[in-house]
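Asker: The sequence isn't on hand, but the structure is:
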C-alpha cells in the first residue's frame, strides 16, 4: 500500500530542512563553537578572541564573527578611541546557544576514546581517509 503525501507538505519539509541546515552550518562549525564558548564569559576584543582561539587566521576570525553577527548571535560594538576598540559579545540568542554547545562538547569529551577506537578499527579494515 502506497501512501501519497500532498506536494505542499513535502515542499514545506524540504524548505524546513534547508533552513535548519543553514543554521546548523553556522552554529556547528568549529570556529563558531569555540567563539560562542569564549564569549560566554563576557565581551572580548578581537585580539583577545584571536589569542584564545588558537590556529584561526585573522580572515577566518573576521568571517566567523560577521556570520555570527549576521545570524543575531553576536553584537559588535565600536568604541571611538585611537586606535578604535571593537568588542564582541553574545546576544540573548547567542547566550541561549551556550548550553547546547557545552553539552555537545561534553559529549565529545566523554566519547572521544570510543570514537578513536572506532576510527582505528575502520582504518584497519578500509584504510585511512
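Answerer: Ah, there it is. Because the structure is predicted, anything quoted here is derived from the model rather than measured.

Asker: Any regions of this protein where pLDDT drops low?
Answerer: Applying pLDDT under 70 to the chain flags residues 1-12.

Asker: gap between the residue nearest the centre of the chain and residue 68?
Answerer: For the chain, residue 27 is the residue whose C-alpha lies nearest the centre (CA atoms, centre = their mean; 2.9 Å). Plainly put, residue 27 is 9 Å away from residue 68 if you go by CB to CB, to the nearest Å. To be clear about C-beta, it is placed using only N, CA and C from the backbone, and glycine gets the same treatment.

Asker: Identify the contacts common to the two.
Answerer: Taking CB atoms under 8 Å, 6 or more residues apart in numbering as the contact rule, residue 27 and residue 68 both touch residue 36.

Asker: all strands for the chain, in order.
Answerer: Here the chain has its strands, by DSSP state E, at 44-45, 74-79, 85-90.

Asker: List the buried residues of the last one.
Answerer: Of the residues in strand 85-90, those buried by neighbour count under the rule 16 or more other CB atoms under 10 Å are 87, 88, 90.
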